[in-house]
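Undergrad: Turn this into a model:
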Amino acid sequence: MGISTKRGDAGFTSTLSGKRVPKHHIITEAVGAVDEANSLLGLARASVKEKKIKRIILQIQKHLFTIGAELSLSGSNSRKIRKKIGIDDLRWVERLVDEMEDALSLPPGFVAFGQEITSSQLDVARTGIRKVERIVVRMHSEGYIENSFLVKYLNRISDLLFLLAAYEEKSENERKGISLANLTVHLNDSFFRRWFVLGTAIIVSLVIAIFLLLLFHKPSTNVSTDVIKHMENMHSPTGSLSSGK
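TA: The predicted structure is shown next:
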């Protein structure tokens, strides 16, 4: 299918469920705001140098794709959504917020970003997330969505982006004095948990099997009769080798 379908020329577009809605519909507004926030995050990720922060931003972008799908299928089609933002996603962000706060030790008050381009881009992305949050809160109040974790997640993400922007706002020497070694970069979603549990179970089973083999295996004491006789002849006086002449 080509990029231009010309189906939106009349001011209508299709949701993921196939329903045609006007482009000013709240669902379209929400999905468009998510798209905008994702683009802003991509711009910020392109300028960030710290690899851990890049991976955090990329994970948020992946979550935004999930959020966009959930919003596009909101309403009567909510049961068709296979993946939603849940408690694991929320806890991941909350851990990052706590860890970044401990690492930065920011003084209270407002921060006017603009000293560094990267920090400003992260701050702009934060405002994009805030825009998504406002629309999602409205959709939740009007009964379009029931996922309470979604609003909480967006709220925490804006906090996290503020902290990341504050980190990028610092000078290079200041950033060298801030350790990000303990940041919870990876999200322990169900897919990776299942493979981790399966891999651990396999390794433990192999270790137990090897241990049992070593425990119950006894060296064979059955020596053939010929070998025993040969050994007796070797040690007997008559069994000595005669010198050949």
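Undergrad: Would you mind splitting the protein into its domains for me?
TA: The chain breaks down by automatic domain parsing into domains covering 12-187, 200-239.
Undergrad: So Arg20 versus Thr28, what's the distance?
TA: Arg20 is 11 Å from Thr28, where distance means C-beta to C-beta, to the nearest Å. For glycine as for every other residue, the C-beta is placed from the backbone atoms N, C-alpha and C.
Undergrad: do Ser148 as well
TA: Taking C-beta to C-beta as the measure, Ser148 falls 23 Å from Thr28.
Undergrad: do Glu168 as well
TA: Distance from Glu168 to Thr28, by C-beta to C-beta: 33 Å.
Undergrad: quick one, which of those two is more surrounded?
TA: Glu168 (24 against 18; other C-beta atoms under 10 Å).
Undergrad: residues near the residue lying closest to that one once chain neighbours are set aside, how many?
TA: Spatial nearest neighbour of Glu168, chain neighbours left out: Ser119 (3.9 Å); criterion: C-beta to C-beta, 6 or more residues apart in numbering. Look at Ser119: counted by other C-beta under 10 Å, it has 22 neighbours.
Undergrad: ok, back up a step: show me which of the domains of the chain has the highest average neighbour count.
TA: domain 12-187 (a mean of 17; mean count of other C-beta atoms under 10 Å).
Undergrad: Give the residue spans of the chain that score low on pLDDT.
TA: The chain contains residues with pLDDT under 70 at 1-10, 12-18, 22, 76-80, 107-108, 179, 181-182, 186-197, 217-245.
Undergrad: for it, what spans make up the helices?
TA: Here the chain has its helices, by DSSP state H, at 26-47, 51-72, 87-104, 117-141, 148-169, 172-176, 190-216, 225-235.
Undergrad: out of those helices, nearest to Phe110?
TA: The closest approach between Phe110 and any of those, judged by C-beta to C-beta, belongs to helix 148-169 at 10.4 Å.
Undergrad: tell me how far that closest one is from the chain's mean position?
TA: How far helix 148-169 lies from its chain's middle: 16 Å, per C-alpha atoms, centre = their mean, to the nearest Å.
Undergrad: packing partners for it?
TA: Contacts defined by 3 or more C-beta pairs under 8 Å, 6 or more residues apart in numbering; DSSP states H and E place helix 148-169 against helix 51-72, helix 87-104, helix 117-141.
Undergrad: Name the residues that touch the last one?
TA: Read it as helix 117-141. Residues outside helix 117-141 that contact it (C-beta atoms under 8 Å, 6 or more residues apart in numbering): 26-27, 29-30, 33-34, 36-37, 40-41, 43-44, 47-49, 67, 71, 74, 113-114, 145-146, 148, 150-151, 154-155, 157-158, 161-162, 164-169.
Undergrad: Much appreciated, bye for now.
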